[in-house]
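>>> what's the 3D shape of this:
(2 chains)
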Amino acid sequence: MKSIIKNGKVIAKDFSAEKYLDIYIKNGVICKIGENLEEEGAEIFNAEGKYILPGFIDMHCNICDPGYEYIEDIETASCSAAKGGFTSITCEPNTNPAIDNKTVVEYIVSKSKEYSLVHIYPYGSMSVGCLGEHMAEIGEMHQAGIVGIADGGFSVKNASFLANVFRYSKMFDMPVITHCEDKSLAGKGVMNEGYVAAGLGLSGIPKEAEEVIVARNIILAEGIGAKLHIATVTTKGSVQLIREAKKRGTQITCETSPHYFMLTEQAVGDYNTLAKVKPPLRTQEDVEAVLEGIMDGTIDVITSGHRPTKLTDKNKEFDNADYGISAFETAFPLSFTKLVQEENVTLQKLTELFSSKPAQILGLHKKGQIAEGMDGDLVIVDLQEEYQINPQAFVSKAKFSPFAGKKVKGKIIGTIVGGRILI
Amino acid sequence: MVFRKKDFFGMRDLMAEEIRYILSTAETMKYILNQKNKKSPHLQGKSVIILFYEPSARTKLSYELAAQHLSANVVDMTVTADAYQEKLQDMGQLVDQTGADFIILRHPMAGAVRILAENVNASVINAGDGFNENPGQSLLDLMTIKEQKGSFEGLRVAIIGDLIHSRVCKSNIWALTKLGAEVCVSGPPTLLPPNIEKFGVDVYYDARKAVQGADVILTSRMKAETQNKNLVPSLTEYKHFFRVDENLLRHAKEDTIVMHPGPIQRGIEISSDVIDGKQCIINDQIANSVAVRMAMLYILSQIGGGLK
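Residues are numbered from 1 along each chain as shown, chains lettered A, B, ... in the order given. All right, here's what the predicted structure looks like:
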């Protein structure tokens, strides 16, 4: 299979974004980058005047398959991801059955070969059933193709268990991905603790619930020398803890999602359940700290944080409503609008956050950059056109967003996965 | 006509002017209640559904009586925990389609009234949602204060006790601060909502400082559940610091009034002698409870919910 992307501005280390270049992809690998490339029988995509970025890699998303296909499945998740510019996605192991043995990993790998438009790299659960009690068969899952060990969104309570996972994981060059929330502090909370929650009469989740566990996990990983990746950093304190740990030279990486640097707890307004996410939306102070963390490199990666749910489960009393956000299709435009347009982050830096850093952390050495010899995973974006976010037009099964109606730039026009052109 | 809302969510949404309007309407209702024939025809042909997901004695009694005094048809639907499985919206649809004009909802979750109101045509009145608000109770407190003190401007009000689990205290803070009263709160830090000072109230952990110069002392009910959650070590220790008794009242103004939303635990929130003393006006509160609820129903009926 051959394809050529023509006349785009390429965002990559070795090329100037001023020039219009062509990229020739053969059998899924970038063969040549240069001006006026011609090849017989190649499919042509004209990216005239548009930007070509390395395909995005989502380190934190739920695709709900197996077990919850009525919420989202591999096919719809992959379509939604492709539409959002993600050429590789991972999947949280909190499925049913959980991704805690090689059979489930094999199911995902084989189903995604058949039905998925994008690459799917599953995470394996560190514990059987994501319960945080017995260690899962991490080695076998590693051989079956997992790229990381995760907790499936359930913060591990038992520190000794987690320490063992950190130790054991050193056999494999994989990150251990942890969500951070102290259950006893979070209690029955449903949104950020503070004035807004008190005003609405809703129980709060204090920021300390996150920070206590971030600190614990850093200390454990640091002592053991494990590769720790902290999922969804949302508070000022967490950013500071990670910044200090990095200064000491700890092997630690972390991520956040657009809603944590674009929305505050105010988005909950009058019990708006679309803004009910986990961890909860925080305060303006935290938003600024997260932005600062992105700027100074403390935060390595931006993920979508895609966690679909049914709209009927959102349209409930706030306490009863599901956590979740449909985010594949909004992650990049939102980040571009906020970071590049408002905060003057360079496009180069944004592609690091979306592509090269995640590739590096997950050990996907052929991905994350545009260069000859790398995989032909590309995104073509129009940075000029402004458009409104319209959840009804999402291809994900979860057609809702707290950002509905927001005007953004950074529209994805084309996604190229292994040389295959998806529009 | 000052009040133009379909529903009655809480004091947070009301402006001072709207609160005053409801209070003056309630005074009219109280006048009616003092006649030999208490019945008035304002809600004739309307139906009021009392949909309670929590047990209640006083709130239900006063709403039911209020509706009946106004000649409405009243249906009591206290839903047991088993029937809880039916989604609130579905229950709302059911009640709405049978032609309800008013739904009076009490629900264990904050914000439940809003989601119900969005899904029905009937006017929804909040009779308590989670730890959020209970505007009816708040209005009767305000009415009682107004009767005793004349106005709210410059009034010093101390709220003492468990504020985190008390919806009426929250409603009262919203309302009193809007009406120009000076509000301070006092209670163990574990029973005060975080950032409570942002509501525009002063916070004292020492109850004696809180009641200093107070015209009104509002107390809240100590729930048994707070003990289980390790928020206060015991009720004995609580009453040692926060019980309203003769000693504490010595710090307040001489003509201070003491109120409690009930049901009261004698000797815990307020000492027995104070309850029986003339400063404690719990009975006036109860007497006003029907009048304010009549006012709420009457005012909403002027805007008119329901399918018509």
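>>> up against chain A, what does the stretch 51-200 of chain B have?
Selection of the stretch 51-200 of chain B residues close to chain A by CB under 8 Å from any CB of the partner chain yields B:87-89, B:107, B:109-112, B:114-115, B:129-133, B:167, B:170, B:193-196, B:198-199. Quick note: C-beta positions are derived from backbone N, CA and C, even for glycine.
>>> pull out the buried members of those residues.
B:87-89, B:107, B:109-112, B:114-115, B:129-133, B:167, B:170, B:193, B:196, B:199 (16 or more other CB atoms under 10 Å in any protein chain shown).
>>> and A:Ala77, that's in a strand?
No - with DSSP: H, G, I helix; E, B strand; the rest coil as the criterion, A:Ala77 is helix rather than part of a strand.
>>> report pLDDT for it.
If you check A:Ala77, the pLDDT there is 95.
>>> and the closest residue to it other than its chain neighbours, what helix or strand is that in?
Of all residues not flanking A:Ala77 in the chain, A:Ile63 sits nearest, at 3.8 Å (CB to CB, 6 or more residues apart in numbering or on different chains). Assignment of secondary structure by DSSP states H and E places A:Ile63 within no helix or strand.
>>> can you count the residues close to A:Ile63?
By other CB atoms under 10 Å in any protein chain shown, the residues close to A:Ile63 number 33.
>>> contact partners for it?
Residues near A:Ile63 by CB atoms under 8 Å, 6 or more residues apart in numbering or on different chains: A:72-74, A:77-78, A:89, A:91-92, A:120, A:306.
>>> which of these fall within strands?
Using DSSP state E, the members of the contacts of A:Ile63 that fall in strands are A:89, A:91, A:120.
>>> quick one: the last one and A:Ile108 touch, right?
Yes - with the criterion set as CB atoms under 8 Å, A:Ile120 and A:Ile108 qualify as a contacting pair; they are 6.4 Å apart.
>>> overlap in contacts of the two?
Shared contacts of A:Ile120 and A:Ile108 (CB under 8 Å, 6+ apart): A:74, A:91.
>>> nearest residue to A:Phe403 other than its sequence neighbours?
The nearest residue in space to A:Phe403 (CB to CB, 6+ apart) is A:Ile389, at 4.9 Å.
>>> need phi/psi at that neighbour.
phi -70, psi 120 (degrees, to the nearest 10).
>>> please apply the same query to B:Glu133.
According to degrees, to the nearest 10, B:Glu133 has phi -140, psi 160.
>>> tell me where the chain has helices.
If you meant another chain, say so; for now it's chain A. With DSSP state H, the ranges of helices along chain A come out as A:74-83, A:102-115, A:138-144, A:159-169, A:183-186, A:195-200, A:207-224, A:236-247, A:258-262, A:284-295, A:311-314, A:331-335, A:347-351, A:357-362.
>>> ah, I was thinking of chain B
Under DSSP H, chain B gives helices at B:16-33, B:58-69, B:88-97, B:112-119, B:135-149, B:167-178, B:207-211, B:225-228, B:235-242, B:246-249, B:272-276, B:282-303.
>>> could you list the low-pLDDT ranges of chain B?
By pLDDT under 70, the low-scoring segments of chain B are B:1, B:81-85, B:225-228, B:304-308.
>>> ok, 90 please
Where chain B drops to pLDDT under 90, the residues are B:1-6, B:54-57, B:77-91, B:93-94, B:99, B:119, B:194-195, B:222-236, B:262-263, B:302-308.
>>> any idea how far B:Gly111 is from whatever residue of it ends up closest to chain A?
Nearest residue of chain B to chain A: B:Asn132, at 2.6 Å (CB to the nearest CB). In this structure, B:Asn132 and B:Gly111 are 7 Å apart, going by CB to CB, to the nearest Å.
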